[in-house]
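# What would the 3D arrangement of this be:
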Amino acid sequence: MSPKTLSVFLLAAAASFAVAGCDDITEPLQERLDSAARPQVRVYAADQRTTYEAARAALGQMGFSFVRGGPAAGELEALSGLEQGDIEGSTEQISLKAKFSASPGGTEVSVWFKEIVEGDSEHRQGFATETPLKDTPLYETFFRSIQGGVDSRK
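Now for the predicted structure:
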């Protein structure tokens, strides 16, 4: 076999191994990305307006500020306060997004929390990264606070 033929053969073999391995690598990565993008969901035995008002009250208890939304829209967005990041000059913040929809048991609430990190908040404002938070106690705290608000309105 000539050196040129051998080179082509090795290149083709390497390319086929690389492509064959992509399925094994991308599937777990895609599963992780999909699971991070999924909301945490709870159903409350109350109408949508009552559940929304309980969620809005929960924001204050958790130190979040209301950004936008309303019971008629079935949406709620909020932000935590800015905190000093791990790296000097960086800031961190948590965003909350909730959707409210009618459910046979009352109102279904879907919630997403994201961490927002701005690496150099003094010189590069507006350049932040958002990372979905899937294993944070914030979900349970928020859901328990909503339940407490719903129970107090009965």
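# Please, which helix or strand holds residue 50?
Element membership for residue 50, per DSSP states H and E: helix 48-62.
# Counting by contacts, list what the next helix or strand after that helix packs against.
As assigned by DSSP H and E, the chain's next helix or strand after helix 48-62 is strand 64-70. On a contact count with 3 or more CB pairs under 8 Å, 6 or more residues apart in numbering; DSSP states H and E, strand 64-70 meets helix 48-62, strand 75-80, strand 91-103. Glycine gets a C-beta too; all of them are placed from N, C-alpha and C.
# Strand partners (parallel or antiparallel) of the last one?
In this case it means strand 91-103. Strand pairing for strand 91-103, using DSSP bridges, gives strand 75-80 (antiparallel), strand 83-84 (antiparallel), strand 106-118 (antiparallel).
# Among those strands, show the one with the smallest mean pLDDT.
Comparing mean pLDDT over those, the weakest stretch is strand 83-84, at a mean of 82.
# in the sheet, who's paired with the one residue sitting closest to the centre of the chain?
The residue lying closest to the centre of the chain (CA atoms, centre = their mean) is residue 132, at 3.2 Å. Legend: beta-bridge partners of residue 132 under DSSP bridges are residue 114.
# Can you give the domain ranges for this protein?
1-37, 38-152 (automatic domain parsing).
# Could you identify which of the ones you listed is most buried?
Looking across the domains of the chain with neighbours counted as mean count of other CB atoms under 10 Å, the highest average goes to domain 38-152: a mean of 16.
# can you put the strands paired with strand 91-103 in TSV and add distance to residue 66?
As requested, the strands paired with strand 91-103 are arranged in TSV below (distance: least, CB to CB, whole Å):
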stretch	distance to residue 66
strand 75-80	5
strand 83-84	19
strand 106-118	15
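# Can you check which of the ones you listed gets nearest to residue 43?
Comparison of the strands paired with strand 91-103 against residue 43 by CB to CB identifies strand 106-118 as nearest, at 5.0 Å.
# Extract the C-alpha trace of the closest one and format it as PDB.
Only the C-alpha atoms of strand 106-118 are listed here, as PDB (Å, rounded to 0.1, in the frame of the first residue of the first chain):
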ATOM      1  CA  GLY A 106     -56.800  23.600  40.600                       C
ATOM      2  CA  THR A 107     -53.800  25.600  39.300                       C
ATOM      3  CA  GLU A 108     -50.600  24.100  37.900                       C
ATOM      4  CA  VAL A 109     -47.400  26.200  38.500                       C
ATOM      5  CA  SER A 110     -44.300  25.600  36.400                       C
ATOM      6  CA  VAL A 111     -41.100  27.300  37.700                       C
ATOM      7  CA  TRP A 112     -37.700  27.900  36.300                       C
ATOM      8  CA  PHE A 113     -34.800  29.300  38.300                       C
ATOM      9  CA  LYS A 114     -31.600  30.600  36.500                       C
ATOM     10  CA  GLU A 115     -28.300  31.900  37.900                       C
ATOM     11  CA  ILE A 116     -27.100  35.000  36.100                       C
ATOM     12  CA  VAL A 117     -23.400  35.800  36.400                       C
ATOM     13  CA  GLU A 118     -21.800  38.900  35.000                       C
END
